[in-house]
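Q: sequence first, then the predicted structure:
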Amino acid sequence: MLERIRHMLVKEFLQLFRDPQMLRILILPPLLQILLFGYAVTTNVRNASTVVVDLDRTASSRDLLSRFFASGHFRLVLDTADFREAGEWMNRGDAAVILHIAPGFEGALRSNRTGDFQIIVDGTDSNTASIVLSYAARITAEYSGKVRLSRMQRHPVPFPGPPSVSVASRAWFNENLESRFTFLPGIIAFIVMLVTVMLTSMAVVREREIGTLEQILVTPITPAEYILGKTLPFALVGFGEILIVATMGVFWFDLPFRGSLPLLFLCSGLFLSTALGVGLLISTVSRTQQQAMLTMFLYFMPAVLLSGFLFPIANMPRAAQALTYLNPLRYYLVILRGVFLKGVGVRVLWPQMAALLLLGVATLAVATRRFRKTLG
């Protein structure tokens, strides 16, 4: 049995490495995807195009505006006294933010009154708008605190004043709230699933399409040995993809790795068992490589959307939340972020590992049974 499986492994690797196009598919797309996600896909807003309408033109208004542009989140594109012109810039899409200071801003602050400051944000992209507003709220709160402190120093009072609450925020595990550190571990899961499902489904279909499947099965090899010989090479390819993407993320993008490498590979093996089972299932319902490719993407896109990578699972409808329990990406993403960013171990991740083990065993069992029926 082991000898027959060994020959199958040798055959699969020779067939895989003999095809230069397949090698390019295995190496170049993962590198391009991690570069794309590392540089382009980010929720951090920097250099938001900003129009200033400062009708006060005083030291106080200039001090407040300078804090916005010194933060790095806002970029001045126009300084005008015409509010209508500022609106035209936003209508054309040339500006995302308008900072409007009305006349009398400094006078209000000097006379112990509230100074009015208006921030207008383009809400066509609601996510970016909410992030920009949070940046603006933080900057104005810091400026307001400075004004209150200056006012107390100018007009000291004999009593300490009303009690107040001071908030000191701190982010754990991703201290600078870099969105790329959230996205990059997920890229490992997507690439591994995409490559292993695609290779497994298309490899079996290709054997059937060119007529070599029947020739193999008339040999002494059993269907179980054939399945094992077909899936093991792609499992090894999956581990290779993990090494490529993880190494690129850690050494190129400074992605922190605080966990255990053996634990990462153990959990990845559990995830790969599910991905290989899905690929085997697709191979049983497809007659051509084109059908296998389309079916693979039909499975892959909902799996990504229901993984919690792009949208929080808690915000989904209850029916969609129930479906996520059947999605291996849901559990693998929690494991990857826990291993990379938090450095947690089995004591914390065992529920996700148990879920992947259960899904992997069930998927491979169903795929193997249906594969036997298809052969019969």
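A: In hand now; what should we look at? Numbers count the residues shown, from 1 in each chain.
Q: could you look up the next helix or strand downstream of the helix or strand bottoming out on mean pLDDT in the chain?
A: Lowest mean confidence among the helices and strands of the chain (mean pLDDT, DSSP states H and E): helix 212-217, at a mean of 67. Counting by DSSP states H and E, the element after helix 212-217 in chain order, helix or strand, is helix 223-252.
Q: chain center to that following helix, what's the gap?
A: Between the centre of helix 223-252 and the centre of its chain there are 21 Å (C-alpha atoms, centre = their mean, to the nearest Å).
Q: low-confidence ranges, the stretch 251-376 of the chain, go.
A: Residues of the stretch 251-376 of the chain that meet the criterion pLDDT under 70 lie in 371-376.
Q: no wait, the stretch 1-150 of the chain
A: Along the stretch 1-150 of the chain, the parts satisfying pLDDT under 70 run over 1-5, 7, 12-13, 15-16, 19, 22-23, 40-43.
Q: how about the nearest residue to residue 79, chain neighbours excluded?
A: residue 52 (4.7 Å; C-beta to C-beta, 6 or more residues apart in numbering). In this view, the C-beta of every residue, glycine as well, is placed from N, C-alpha and C.
Q: ok, so what distance separates the most centrally placed residue in the chain from residue 89?
A: Nearest residue to the geometric centre of the chain (C-alpha atoms, centre = their mean): residue 183, 2.8 Å. Per C-beta to C-beta, to the nearest Å, residue 183 is found 31 Å from residue 89.
Q: chain center to the helix or strand hosting the residue nearest to residue 79: distance?
A: For residue 52, the host element (DSSP H and E) is strand 48-54. Distance of strand 48-54 from the chain centroid (C-alpha atoms, centre = their mean) equals 31 Å.
Q: pairing partners for it, with directions?
A: Neighbouring strands of strand 48-54 in its sheet, by DSSP bridges, are strand 74-79 (parallel), strand 97-101 (parallel).
Q: regarding the chain, what is its longest helix?
A: Longest helix in the chain, counting residues (DSSP state H): helix 179-210.
Q: from what I see, residue 196 and residue 237 are in contact.
A: Yes. Under the criterion of C-beta atoms under 8 Å, residue 196 makes contact with residue 237 at 7.0 Å.
Q: ok, these two, which is more surrounded?
A: Remark: of residue 196 and residue 237, residue 196 carries more neighbours, 25 against 20, as counted by other C-beta atoms under 10 Å.
Q: quick one: contacts for the more buried one?
A: By C-beta atoms under 8 Å, 6 or more residues apart in numbering, the contact list for residue 196 reads 234, 235, 237, 238, 272, 275, 276, 279.
Q: quick one: contacts for the third one?
A: For residue 237, the contact set (C-beta under 8 Å, 6+ apart) comprises 16, 26, 195, 196, 199.
Q: if you set the cut-off to 6 Å instead, what comes out?
A: By C-beta atoms under 6 Å, 6 or more residues apart in numbering, residue 237 lies in contact with nothing.
Q: from residue 144, how far out is it?
A: Counting by C-beta to C-beta, the gap from residue 237 to residue 144 is 57 Å.
Q: the second one too?
A: In this structure, residue 235 lies at 58 Å from residue 144, with C-beta to C-beta as the measure.
Q: ok so, going back, which stretch among the strands paired with strand 48-54 comes nearest residue 204?
A: Residue 204 lies closest to strand 74-79 among the strands paired with strand 48-54, at 53.1 Å (C-beta to C-beta).
Q: which residues sit against the closest one?
A: 47, 48, 49, 50, 51, 52, 68, 69, 89, 95.
Q: swap in 8 Å and give it another go.
A: 47-52, 54, 68-69, 85-86, 89, 94-95, 97, 99, 135.
Q: and stretch 274-282, by the same measure?
A: Defining contact as C-beta under 8 Å, 6+ apart, one finds that stretch 274-282 is touched by 192-193, 196-201, 204, 227, 230-231, 234-235, 238, 292, 295-296, 299, 328, 356, 359-360, 362-364, 366-368, 370-371.
Q: before we move on, what about stretch 295-303?
A: In contact with stretch 295-303 (C-beta under 8 Å, 6+ apart) are residues 193-194, 197-198, 201, 278-279, 282, 285-286, 327-329.
Q: now stretch 200-215: buried residues?
A: Buried residues in stretch 200-215, counted by 16 or more other C-beta atoms under 10 Å: 200, 201, 202, 203, 204, 205, 206, 207, 208, 209, 213.
Q: now it - C-alpha only, PDB.
A: Taking C-alpha atoms only, stretch 200-215 is exported to PDB below (Å, rounded to 0.1, in the frame of the first residue of the first chain):
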ATOM      1  CA  THR A 200      -7.500  19.100  -6.000                       C
ATOM      2  CA  SER A 201     -10.700  19.600  -8.000                       C
ATOM      3  CA  MET A 202      -9.000  20.200 -11.300                       C
ATOM      4  CA  ALA A 203      -6.400  17.500 -11.000                       C
ATOM      5  CA  VAL A 204      -9.000  14.700 -10.600                       C
ATOM      6  CA  VAL A 205     -11.200  16.200 -13.400                       C
ATOM      7  CA  ARG A 206      -8.200  16.500 -15.700                       C
ATOM      8  CA  GLU A 207      -7.500  12.800 -15.200                       C
ATOM      9  CA  ARG A 208     -11.100  12.000 -16.100                       C
ATOM     10  CA  GLU A 209     -11.100  14.400 -19.000                       C
ATOM     11  CA  ILE A 210      -8.000  13.000 -20.700                       C
ATOM     12  CA  GLY A 211      -9.000   9.400 -20.100                       C
ATOM     13  CA  THR A 212      -6.100   8.400 -17.700                       C
ATOM     14  CA  LEU A 213      -8.400   7.900 -14.700                       C
ATOM     15  CA  GLU A 214      -9.700   4.600 -15.900                       C
ATOM     16  CA  GLN A 215      -6.200   3.500 -16.800                       C
END
